[in-house]
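Novice: Take a look and give me a structure for this.
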Amino acid sequence: MTEPLQLAGISLDCDNPEALARFYIELLGGRLLWNNDGSAGIRIPSGLTMIAQKVADYTAPSWPGTSIVHLDLAADTDLDQCQLRALRIGAKPAPTQPDPRWRVLLDPAGHPFCITTCTPPP
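Specialist: Have a look, this model is predicted:
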């Protein structure tokens, strides 16, 4: 039996890797690992690597969408405060908010992410 794969990182397409990396560093914490013309990588406190990858003629995804992968971020108990913090550093609210337990926002490249106080069951 082979060992299961482990998540090594998350890649997000964009037109400005440095700006997207800086947004997530400010939102999640962490540090910049590299930054060049084609990509920027950050290490977030959980140990995961996020990669902002430059794509020619990038077009932001649409929300809501059926094939969109988005980040679910754990928030404190005050979703409104977490949402305000994200908005202050450049996030935009998504046009549709499907569930009051989550706040769906769009990062500067237009990728959706959710902040939530919900914890998945064990």
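
Novice: So which residues of the chain form helices?
Specialist: 17-28, 79-88 (DSSP state H).

Novice: In its sheet, which strands sit next to the lowest-mean-pLDDT helix or strand in the chain, and in what direction?
Specialist: The weakest-scoring helix or strand in the chain, judged by mean pLDDT, DSSP states H and E, is strand 71-74 (a mean of 86). Strands that pair with strand 71-74, judged by DSSP bridges, come out as strand 112-116 (parallel).

Novice: Which residue comes closest to residue 28 once chain neighbours are left out?
Specialist: Of all residues not flanking residue 28 in the chain, residue 44 sits nearest, at 4.7 Å (CB to CB, 6 or more residues apart in numbering). No exception for glycine: its C-beta is placed from N, CA and C like everyone else's.

Novice: Give me the pLDDT value at the residue nearest to residue 83 when sequence neighbours are not counted.
Specialist: Closest residue to residue 83 apart from its sequence neighbours, by CB to CB, 6+ apart: residue 103 at 4.4 Å. On pLDDT, residue 103 comes in at 86.

Novice: can you pull up the bridge partners for residue 103?
Specialist: For residue 103, the beta-bridge partners under DSSP bridges are residue 115.

Novice: From residue 37, how far out is it?
Specialist: Counting by CB to CB, to the nearest Å, the gap from residue 103 to residue 37 is 33 Å.

Novice: Looking at these two, which is more packed in?
Specialist: Between residue 103 and residue 37, counted using other CB atoms under 10 Å, residue 103 has the larger neighbour count: 24 against 8.
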